[in-house]
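1. Fold the following.
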Amino acid sequence: QVQLVESGGGLVQAGGSLRLSCAASGRTFSRSTRAWFRQAPGKEREFVAAISGSAGSTYYADSVKGRFTISRDNAKNTVYLQMNSLKPEDTAVYYCAANGLLYSGVYYSPTGYDYWGQGTQVTVSS
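-> Next up is the predicted model:
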C-alpha cells in the first residue's frame, strides 16, 4: 500500500522558517513528479511547488517564489519543502502529492496527482 506521510508543520512567527518532509512508502517515486499543495480554510487546494522526476526541474507558485525551495532525496524516497520568510497568508494545511507515472509532466492542478499525504498544519502568526 502506497503511503505519503508529511511532517514538519507547526506554529511559527512571521519571518520564520519551517521545513516540511514527505516520506513515501510502498513504491518508489524517484522518477515521478512530486509536489506540494496547500489549502487554507474556505479556499480551494492550491499549487505551491513541484519537482520533476526526470531532470529534477523545479516549479513554484508566484506567491512563494524566492521564499520556498522544493527538493528531493530519491535514496530516501522523500521530498522536502524549505519555507523561509513565512507570512501569515502562508497559513494552511500543506499536502504532498505524487504522480504515479514515470517521467510524468508537472501539473498545477490537484487532479494531476495520484497519491496524497494526510496533510500537515502550518500556522504563521503576525
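2. List the backbone torsions phi and psi for the spatially most central residue of the chain.
-> What sits nearest the mean C-alpha location of the chain, by Cα atoms, centre = their mean, is Trp36, with 2.1 Å. Dihedral pair for Trp36: phi -120, psi 140, per degrees, to the nearest 10.
3. How about the secondary structure of the closest residue to it other than its chain neighbours?
-> In space, Trp36 comes closest to Val48 once its chain neighbours are excluded; the distance is 4.3 Å by Cβ to Cβ, 6 or more residues apart in numbering. Any C-beta I mention is one placed from the backbone N, CA and C, and that applies to glycine too. The assignment at Val48 comes out as strand when based on DSSP: H, G, I helix; E, B strand; the rest coil.
4. For Val48, which residues are in contact?
-> Neighbouring residues of Val48 by Cβ atoms under 8 Å, 6 or more residues apart in numbering: Ala35, Trp36, Phe37, Arg38, Tyr60, Ala61, Val64, Phe68, Leu81, Tyr94.
5. ok, of those residues, which one's closest to Ser17?
-> Comparing the contacts of Val48 against Ser17 with Cβ to Cβ places Phe68 closest, at 10.0 Å.
6. roughly how far apart are the most far-flung residue of the chain relative to its centre and Glu89?
-> Distance from the centre of the chain peaks at Ser126, with 23.0 Å (Cα atoms, centre = their mean). Remark: distance between Ser126 and Glu89 (Cβ to Cβ, to the nearest Å) = 10 Å.
7. and for these two, which residues touch both?
-> Common neighbours of Ser126 and Glu89 (Cβ under 8 Å, 6+ apart) do not exist.
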